[in-house]
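[1] One predicted model, sequence on top.
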Amino acid sequence: MKLLLKEIRHNPLLWLLAFVPILFATVKLNHEAHTLLFVLSVLAIVPLAALLSHATESVAAKTGDAVGGLLNATLGNLTELVIALTALRAGQYMLVKASLAGAIVTNTLFMLGMSFFLGGMKFHVQEYNRSSARMQSGLLFLAAIALLIPSAVSQADYTGGAAFTQKLSLGLSVLLIATYALSMVFSLKTHKEEFASAEAEGGEGHGPAWPIGLALTTLAGVTVLVALVSEVFVESVQKAAESFGMTQAFVGFIVVALVGGAAEMASAFSGARKNRLDLSVGIAMGSASQISLFVAPVLVLLSYVLGPTPMDLQFWPGAVVMILLATLTGCLVTNSGRSSWFVGVLLLTVYAIFAMTLYLLPPRVS
Amino acid sequence: MKLLLKEIRHNPLLWLLAFVPILFATVKLNHEAHTLLFVLSVLAIVPLAALLSHATESVAAKTGDAVGGLLNATLGNLTELVIALTALRAGQYMLVKASLAGAIVTNTLFMLGMSFFLGGMKFHVQEYNRSSARMQSGLLFLAAIALLIPSAVSQADYTGGAAFTQKLSLGLSVLLIATYALSMVFSLKTHKEEFASAEAEGGEGHGPAWPIGLALTTLAGVTVLVALVSEVFVESVQKAAESFGMTQAFVGFIVVALVGGAAEMASAFSGARKNRLDLSVGIAMGSASQISLFVAPVLVLLSYVLGPTPMDLQFWPGAVVMILLATLTGCLVTNSGRSSWFVGVLLLTVYAIFAMTLYLLPPRVS
Amino acid sequence: MKLLLKEIRHNPLLWLLAFVPILFATVKLNHEAHTLLFVLSVLAIVPLAALLSHATESVAAKTGDAVGGLLNATLGNLTELVIALTALRAGQYMLVKASLAGAIVTNTLFMLGMSFFLGGMKFHVQEYNRSSARMQSGLLFLAAIALLIPSAVSQADYTGGAAFTQKLSLGLSVLLIATYALSMVFSLKTHKEEFASAEAEGGEGHGPAWPIGLALTTLAGVTVLVALVSEVFVESVQKAAESFGMTQAFVGFIVVALVGGAAEMASAFSGARKNRLDLSVGIAMGSASQISLFVAPVLVLLSYVLGPTPMDLQFWPGAVVMILLATLTGCLVTNSGRSSWFVGVLLLTVYAIFAMTLYLLPPRVS
């Protein structure tokens, strides 16, 4: 407990934890203040995500390489998963899909681009492990294909029908999870020497690892808190978006993705500024491929249990185009294993193009 | 003749030759047993394709580098060509196009992926000649563009009309064949040193080369047999597909492509397991580019003579998307010149995504 | 003045200058001879573009690295800009867009492909600076995304509406110009050592640099002449195209792009034949990215002042597909930093595929 308090004292991000009780108090007092609740829930999720991320890493560090890697790989995007699950249970599939697509795009373009940019501001040219980046971008490309196919085929022929899309989505989900499992066998077991520098990830970020008891308790407690805050967030986001003049597509794609990934971004950016670009690339690309190969298909499977109706993997065509372009950009950019500030500008500009499009999009579409 | 028998004794694949007379007998006895005829014709084509492939290589080995390379390059996909010609004469353009698209996708994803996977099971990391793989993937990308353009342009504007598509397909066919011819000048003549290890291909596969007389006789005789068996195959495939519950798209794309390419796959996989990945990549990518730059346009030209109406190069949009994605995946994957088992898994998963989509597709589409 | 005359005597291309007075005389005599005026204006633009290009380089050479690079970068495609401006003022947005798309495609495929081919005819294998080519192809890819998004999103949903497309185009234009400015900071200032060989560009091409006075006078005078000739060109092109049996899409995409880029092509090809492929790649890719990141958005901004209505960045879907494919081809091809004649053939074939498609396209589409 002392460790947890010390951590909070030393990490200004965690001061935002104060917004968690404020949020719950506000909910009690004024259930209809959507815009206020939205802002408060955003402010409350950010530090919770940071705590969750540190707790996961601490548990991982204690349990040895294989199990630890597995834990990191499955719980690394726990915040995104909990937010999406809350939206899933509320039947808001549009928001779930937008936040999944947005998380993939935001990690590949914004997190990676900003890492390159911040690193490039301090170092003239930075190098990183190409073979690790290549595997991650290969996985991402694969996932982009899986997300593209249901839309491409049913779009093209208008004969698919919901039953076809649903069966296909189920099959694809199983396939993606299996591939993700094999990718972990590859990177944690048979070829782990090729991912050497990414392994140093555990313990990085927010100081020393916690004892296992504290870590597990924090993990459980914070997950519950994230779930509660997410509920407020999901309820208020739509109304708040309207009052801010933002389309729902923009909120799901950009705002939710930035909020859910805030903790990882902090790690990735700090890695880049310490010339440890392997770490940044690993977090950004790894997180993107984890969401597309693990979180998204798990949500499809869980929708059969938790949701009002099963969810499919058919995305809005514009989102598919953005995922595909983000993935291709990521593949082309990480192919060289070298980076300088302008590479970051390129990625950030593509992100800005997408954000601008979604912001200006007439609201009916989302 | 003794050599031919010895070859048959030593190669279990060739024992399947017994199915050739069984097939013809069944046709005589029961012309309507579509499912049985389909299964028998598949079993009969596989060993014939293997013989054809060995005969071609033997002729190529006797005639010196340039002519031999030319022979290999034009007759290497003779089985696919004969099957497609039979379907063409029957006016089954849908099946012709599905089998062409399927052969490109199957070679690029399944043959290459399985080679990487099988090789990777035995060897930790395998390396191969990047510059050869790069030329092949460049050719494939070019062909994908040629196949994409008629669909993209006529789709986009709905004004194309059949006359435009037909004229364009004719022009593209001539262009593709010319480019294919130039690619042979490049790889067999002006820059053959860059394709050094691929040249060892002749004689590889099924033991020593045959004398020229035997090879030529086998080539002629087996081609006739393949043509006869293909006729049964093409007639029975549609009815059989229905009784198996498979869509025609699935049969053309997956079943025909796997059957037609069985012999080449045997060579590619055995090469990979002997750590001769150059051979495997050469067969897989070379075969894919040969089908797209030579077999497909030749079929368009021949359709003016043999078919009921001219055939065009406009594919079903879903097929175009799959060809393009398979090609891009192939380009990205072979770019590094290194492989391990997981690269194979990536390619096989993309193939599984396509196969699953085609299998689930409502039948009306095909 | 003596220098200018000497230059003209030694450069056969400049003898075409005789067509400038001939053109103006013809306009006076027979205002309706569209086909003749079209041919004469093409013949007159080519030498003017060459003069303009040399004058720009001379001014750039005198003004030092940073300002010179800036000048080269902004005035390098002055001919294309003036032609497009004339079409813009005439409200011919279809022609403006076709010529922009065509210039991008022509530079990436034809200029680069012909450079590789001509260079490859003299040298077995040529090498060039990968990192410079990579930045240019990254910029091009970015621009392709920006041009793709308005069409993709509004196509996909049919809800965009003109207001959305217009606002988005304005925002994208500002974004592209800002990115282009940053790319100049990168290549001329912070990382100029990586672009070392491209810097030798100034002074290359047509002999020694001119004194500043002559250069500035020529720059001003020739720009006026190009503007006057462009006016005749834009007026006559549509009628002339009809009488030649060419579609407007073909004229804008292919003819205008080849005419506008003739001078740069001369430099790029001569560089390739001198084994200075860095120069050729720099001119071709640099020019393509300049048109997409600078000329196109500047025209959008200027359309608010000069045009009858604002112009947007929404291109005909076929043009978007071609830009994207040309860019991807350019990225894949320049990735290796090596070239031989067949790489040129590949690029030229893709160009031929596009040209053939546009030539055969039923006229209603354009």
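    Here it is on my side, so go on.
[2] And what about residue A:313, helix, strand or coil?
    Three-state call for residue A:313 (DSSP: H, G, I helix; E, B strand; the rest coil): coil.
[3] Does it touch residue A:146 like I think?
    Yes. Residue A:313 is within contact range of residue A:146, at 7.1 Å (criterion: CB atoms under 8 Å). In this view, the C-beta of every residue, glycine as well, is placed from N, C-alpha and C.
[4] okay, and the common contacts of the two?
    residue A:172 (CB atoms under 8 Å, 6 or more residues apart in numbering or on different chains).
[5] Of these two, which one has the most company?
    residue A:146 (28 against 25; other CB atoms under 10 Å in any protein chain shown).
[6] What's the per-residue pLDDT of that one here?
    We note a pLDDT of 89 for residue A:146 in this prediction.
[7] Might you report the residue contacts of it?
    A:172, A:175, A:176, A:292, A:313, B:353.
[8] can you tell me which of those residues are in helices?
    Using DSSP state H, A:172, A:175, A:176, B:353 are the members of the contacts of residue A:146 that sit in helices.
[9] Identify the residue nearest the first one in space, chain neighbours excluded?
    If you skip the residues right next to it in sequence, residue A:172 has residue A:146 as its closest partner in space, 4.9 Å away by CB to CB, 6 or more residues apart in numbering or on different chains.
[10] what's the answer for residue A:17, then?
    residue A:47 (4.6 Å).
[11] Let me know the closest of the contacts of residue A:146 to residue B:130.
    Nearest to residue B:130 among the contacts of residue A:146 is residue B:353, at 26.5 Å by CB to CB.
[12] does the single nearest residue of the stretch 1-150 of chain A relative to chain C sit in a helix, a strand or a coil?
    Chain C sits closest to residue A:124 of the stretch 1-150 of chain A, with a gap of 7.6 Å, by CB to the nearest CB. At residue A:124, secondary structure determined by three-state DSSP is coil.
[13] Kindly provide the distance from the closest residue to it other than its chain neighbours to residue C:185.
    Excluding the flanking residues, the one nearest residue A:124 by CB to CB, 6+ apart is residue A:340, at 6.8 Å. Plainly put, residue A:340 is 12 Å away from residue C:185 if you go by CB to CB, to the nearest Å.
[14] now swap in residue A:252 and tell me
    From residue A:252 to residue C:185 the distance is 34 Å (CB to CB).
[15] Same drill for those two, tell me which one is more crowded.
    Comparing residue A:252 with residue C:185 by other CB under 10 Å, the one with more neighbours is residue A:252, at 28 against 15.
[16] list the contacts for the more buried one?
    Residue A:252 touches A:94, A:95, A:97, A:98, A:99, A:101, A:102, A:366, counting by CB under 8 Å, 6+ apart.
[17] Rebuild the ones in helices among the contacts of residue A:146 as JSON lines, extending it with distance to residue B:323, neighbour count and pLDDT.
    Below are the ones in helices among the contacts of residue A:146 laid out as JSON lines (distance: CB to CB, whole Å; neighbours: other CB atoms under 10 Å in any protein chain shown; pLDDT from 0 to 100):
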{"residue": "A:172", "distance to residue B:323": "20", "neighbour count": "27", "pLDDT": "94"}
{"residue": "A:175", "distance to residue B:323": "20", "neighbour count": "19", "pLDDT": "95"}
{"residue": "A:176", "distance to residue B:323": "22", "neighbour count": "25", "pLDDT": "94"}
{"residue": "B:353", "distance to residue B:323": "14", "neighbour count": "26", "pLDDT": "94"}
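[18] Quick check: the farthest pair among these?
    Applying CB to CB across the ones in helices among the contacts of residue A:146, the maximum distance is between A:176 and B:353, 8.8 Å.
[19] If you rank every helix and strand of chain A by mean pLDDT, what lands last?
    helix A:196-199 (a mean of 48; mean pLDDT, DSSP states H and E).
[20] next helix or strand past that one?
    Using DSSP states H and E, the helix or strand that follows helix A:196-199 towards the C-terminus is helix A:212-244.
[21] Chain B contacts on chain A?
    A:131, A:134-135, A:137-139, A:141-142, A:145-146, A:148-150, A:152-153, A:156-157, A:159-161, A:164, A:167-168, A:171-172, A:175, A:179, A:182-183, A:186, A:190-191, A:331, A:335 (CB under 8 Å from any CB of the partner chain).
[22] now with 7 Å?
    A:134-135, A:138, A:141-142, A:145-146, A:149, A:152-153, A:156-157, A:159-161, A:164, A:167-168, A:171-172, A:175, A:179, A:182-183, A:186, A:191, A:331 (CB under 7 Å from any CB of the partner chain).
[23] Next step: those residues restricted to helices.
    A:134-135, A:138, A:141-142, A:145-146, A:149, A:152-153, A:156-157, A:161, A:164, A:167-168, A:171-172, A:175, A:179, A:182-183, A:331.
[24] Can you pull the residues of chain A lying near chain C?
    Going by CB under 7 Å from any CB, the residues of chain A near chain C are A:317-318, A:321, A:325, A:329, A:332, A:336, A:340, A:342, A:345-346, A:349-350, A:352-353, A:356-357, A:360-362, A:364-365.
[25] Which entries within those meet the buried criterion?
    A:317-318, A:321, A:325, A:329, A:332, A:336, A:340, A:342, A:345-346, A:349-350, A:352-353, A:356-357, A:360-361, A:365 (16 or more other CB atoms under 10 Å in any protein chain shown).
[26] which ones among those are found in helices?
    Those of these lying in helices (DSSP H): A:317-318, A:321, A:325, A:329, A:332, A:342, A:345-346, A:349-350, A:352-353, A:356-357, A:360.
[27] Run a quick neighbour tally on the nearest residue to residue A:252 once chain neighbours are set aside.
    Leaving aside its sequence neighbours, residue A:252 sits nearest to residue A:98 (CB to CB, 6+ apart; 2.6 Å). Residue crowding around residue A:98 was assessed by other CB under 10 Å; the count is 28.
[28] hang on, the earlier thing: would you mind giving me the PyMOL syntax to select the buried ones in the ones in helices among the residues of chain A next to chain B?
    Buried members of those, defined by 16+ other CB under 10 Å, are picked up in PyMOL with:
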select buried, chain A and resi 134+135+138+141+142+145+146+149+152+153+156+157+164+168+171+172+175+179+182+183+331
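[29] mind listing what the residue nearest the centre of chain A touches?
    In chain A, the centroid-proximal residue (CA atoms, centre = their mean) is residue A:103; its distance is 4.5 Å. The contact partners of residue A:103, taken as CB atoms under 7 Å, 6 or more residues apart in numbering or on different chains, are A:80, A:257, A:260, A:261, A:291.
[30] swap the cut-off to 10 Å and go again
    By CB atoms under 10 Å, 6 or more residues apart in numbering or on different chains, the contact set of residue A:103 is A:77, A:79-80, A:83-84, A:111, A:252-253, A:256-258, A:260-261, A:287-288, A:290-292, A:295-296.
[31] And it, its phi and psi?
    phi -70, psi -40 (degrees, to the nearest 10).
[32] and residue A:32, what element?
    Per DSSP H and E, there is no helix or strand for residue A:32.
[33] repeat for the one 4 residues further on
    Element membership for residue A:36, per DSSP H and E: helix A:34-62.
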